[in-house]
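S.K.: Here is my input, please return the structure:
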Amino acid sequence: MRKNQCRICNIKTNHEVVHEEKIHGSEEDGSFQWKDTYSIIRCKGCDNLSFLNIYGNTDMYYINDSDEQNFTLQNRNFLNFYKLGKKLFT
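M.R.: Have a look, this model is predicted:
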């Protein structure tokens with residue numbers, strides 16, 4: 001379960017992951033690593049389906065004031081594709 005923006009509900013709602021594919025890789029020497037996650041998610045409020053892509057790599061981290069490593073992941077939520085099996089856009 002995750003919170004994501006829903007176009008139909010027009011707020012952040014709980015979403016379930018219907019299907020998810022993860023791909024990842026790195027340079028041979030391990031100096032650069034990346035992870036890409038593609039998900040189909042369903043709003044628990046209205047059953048709207050949307051697509052979510054989360055990407056991160058070793059260049060997307062920073063050290064905070066407490067010397068802890070934090071990551072900034074790129075989230076792309078592709079809204080508005082289907083609602084209850086009906087296609088909304090072509």
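S.K.: give me the low-pLDDT residue ranges for this structure?
M.R.: Low-confidence segments of the chain, defined by pLDDT under 70, span residues 71, 78-90.
S.K.: any idea whether the residue lying farthest from the centre of it is helix, strand or coil?
M.R.: Most distant residue from the mean C-alpha position of the chain: residue 29, 27.7 Å away (CA atoms, centre = their mean). Classification of residue 29 into helix, strand or coil gives coil, according to DSSP: H, G, I helix; E, B strand; the rest coil.
S.K.: Which phi and psi values does it adopt?
M.R.: Backbone dihedrals for residue 29, given as degrees, to the nearest 10, come out at phi -90, psi 0.
S.K.: how far away is it from residue 60?
M.R.: For residue 29, the distance to residue 60 (CB to CB, to the nearest Å) stands at 19 Å. Quick note: C-beta positions are derived from backbone N, CA and C, even for glycine.
S.K.: ditto for residue 47
M.R.: When CB to CB is applied, the distance between residue 47 and residue 60 equals 33 Å.
S.K.: so how far is residue 58 from the residue farthest from the centre of the chain?
M.R.: Between residue 29 and residue 58 the distance, using CB to CB, works out to 12 Å.
S.K.: just residue 12 next, same as before
M.R.: The value you get for residue 12 to residue 58, if CB to CB is used, is 29 Å.
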